[in-house]
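Asker: Coordinates for the following, if possible.
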Amino acid sequence: LLLAGNRLQRFPQLDHISMRLQRLDLSDNRLREISTEISRLLSLTSLTLANNLITSLPENLAPLPQLTSLDLSRNEISGLTSGFLRRLGPVLAELNVSHNRVEWLGDSIGSASALTKLDLSHNSLFRLPDTLGELGSLTYLNLDHNPRLASLPHLLFDGCTGLRTLSLRSTAISSLPSSLSSLTHLELLEISLSSFQGELPRLPTSLKQVLACGTGVTKIGDE
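Answerer: You can find the predicted model right below:
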């Protein structure tokens, strides 16, 4: 069901929509909230709510057991609560919350064990929970343009060993741990225009691109 690019101010009534619906696109409307009735769509695999006016997320949803992709980008969301994250279902693979006002991420993000792609770029994050390191299936993590984000959970490098892309452009991160080398599948590391200073730790041999323009890098480990 594609309803993108309209002037919807309220979530559409779902009473007469087939429970077998797999894709719902409500992007580019004027929605301010997500109706809990979305839980009726037990076969839903893709939900797109990008470019609306959503400020908060419901915590009383029933789980969406088939949802694999959720796009909440370009809204006005300030935080991702543990209550909401726990109800996204066990097979969620892609979560896009870029271009919002997110300041914090609930600890239960670690329960999204199937997550492979997480985009939190262009927000106001100042910390990340240690449970982020429990996302063993994660291959893509974008934290670009979070100017208050000064550190990463150490468990990220121990648990997310399948990461292929780690992007930290325009953040306040000033150093990276030596355990960076444990990311043996990492292909892209982006730290341009960040607050990085000093020596880069030893880099994984899998890397194909390291982007570090406009930083204070003085040396690369094992150089």
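Asker: Next, give phi and psi for the nearest residue to residue 176 once chain neighbours are set aside.
Answerer: Nearest in space to residue 176, with sequence neighbours left out and distances taken as CB to CB, 6 or more residues apart in numbering, is residue 201 at 5.6 Å. (Each C-beta comes from the backbone N, C-alpha and C, glycine too.) As for residue 201, its main-chain torsions (degrees, to the nearest 10) stand at phi -70, psi 170.
Asker: Contact partners for residue 201?
Answerer: Taking CB atoms under 8 Å, 6 or more residues apart in numbering, we find residue 201 in contact with 176, 177, 178, 180, 181, 221.
Asker: Show me which of those residues is closest to residue 20.
Answerer: Of all the contacts of residue 201, residue 20 sits closest to residue 180, with 45.1 Å by CB to CB.
Asker: re earlier: buried subset of the contacts of residue 201?
Answerer: Neighbour counting by 16 or more other CB atoms under 10 Å classes 176, 180, 181 among those as buried.
Asker: Isn't residue 165 up against residue 144?
Answerer: No: Residue 165 lies out of contact with residue 144 (CB atoms under 8 Å); the separation is 10.9 Å.
Asker: How about the contacts made by the nearest residue to residue 137 once chain neighbours are set aside?
Answerer: Once flanking residues are discounted, residue 137 sits nearest to residue 116: 5.3 Å by CB to CB, 6+ apart. For residue 116, the contact set (CB under 8 Å, 6+ apart) comprises 93, 94, 137, 138, 139, 140.
Asker: And for the second one, the neighbour number?
Answerer: The one in question is residue 94. Residue 94: 17 surrounding residues under other CB atoms under 10 Å.
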